[in-house]
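K.L.:
show me how the following folds:
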Amino acid sequence: MKPSNTYIFETLKKRIINLEMKPGDAVQEKELIEEFGVSRTPVREALIKLGQIGLVETRPRVGTFVTQIDLKSVQNAYEVKKNLEGLAAELAARRAKDDQIKELFVIIERFSGYDIVRDYKLCINDDQRFHQIVRQASGNEMLIEILDQLNTKTARFLQSIEYVIDDFDWFYETLKNMAHAIEARDSEQARKTTEEHTLKFVNQMSRRFFGYMMP
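P.N.:
Residues are numbered from 1 along each chain as shown. I've put the predicted structure just below:
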């Protein structure tokens, strides 16, 4: 069975976020057609979707390229995420399935074995996966879509700066607290803990890169 345009889209999105495809790189349609063994249509559909979320841009009569990382766009994404992550956790505490909760604790266990400098890529990826599970567990399709787009911007930025967690103990404990609140079906605590976690992280980013603190 040949890959769908959704599979191609997700594969290329992951490559761009992880900087396997770097800002400014040309996207070669012919090479992608050969790699995935498909016609031009699913590749082009995938590239259109990537363009809609700002990961590639097509220049008429020139080609398609991976976009540059726009710091203002990253800043805007963090400002919006600050409130929406808490809402996702609140809903997840009401709606999360047992297997989703189990995976949250599996991720937390992996964190306990990481070297935060050597394994910064794994830390970023697992942090993104943790929040992805939470928003998927929210069961709100609109919220999931919005947060997916926001996290695409912030994850690529974190990979580009080779971000190392400033206070790993705090980070690890707050993730555990978020997971325990969701497991306990305590929606109020899940939201509160997630908002505190997100705000502290966003303020770290703001001080370092944007020159101000979030309200």
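K.L.:
for the helix or strand harbouring residue 7, buried residues please.
P.N.:
For residue 7, the host element (DSSP states H and E) is helix 5-17. Within helix 5-17, the residues that qualify as buried by neighbour count (16 or more other C-beta atoms under 10 Å) are 5, 8, 9, 12, 13, 16, 17. Where C-beta positions appear, they are placed from N, C-alpha and C, glycine not excepted.
K.L.:
which helices and strands does the next helix or strand after that helix pack with?
P.N.:
On the C-terminal side of helix 5-17, the nearest following helix or strand under DSSP H and E is strand 26-27. Contacts of strand 26-27 with other secondary structure elements, assessed using 3 or more C-beta pairs under 8 Å, 6 or more residues apart in numbering; DSSP states H and E, are made with strand 63-66.
K.L.:
and the helix or strand following the strand it packs on, what does it pack onto?
P.N.:
Next helix or strand after strand 63-66 toward the C-terminus (DSSP H and E): helix 71-95. If contacts are counted by 3+ C-beta pairs under 8 Å, 6+ apart, helix 71-95 sits against helix 120-137, helix 141-160, helix 168-183, helix 187-205.
K.L.:
if we use 10 Å, what do you get?
P.N.:
Where contact means 3 or more C-beta pairs under 10 Å, 6 or more residues apart in numbering; DSSP states H and E, helix 71-95 is packed against helix 98-111, helix 120-137, helix 141-160, helix 168-183, helix 187-205.
K.L.:
chain center to the last one, what's the gap?
P.N.:
Going back to what we said before, that points to helix 187-205. Mean-position distance between helix 187-205 and its chain equals 16 Å (C-alpha atoms, centre = their mean, to the nearest Å).
K.L.:
then the second one?
P.N.:
Average the C-alpha atoms of helix 120-137, do the same for its chain, and the two points are 7 Å apart (C-alpha atoms, centre = their mean).
K.L.:
then the third one?
P.N.:
Relative to the chain's own centre, helix 141-160 is displaced by 4 Å; criterion: C-alpha atoms, centre = their mean.
K.L.:
quick one: buried residues of that helix?
P.N.:
Per 16+ other C-beta under 10 Å, helix 141-160 contains these buried residues: 143-144, 146-147, 150-159.
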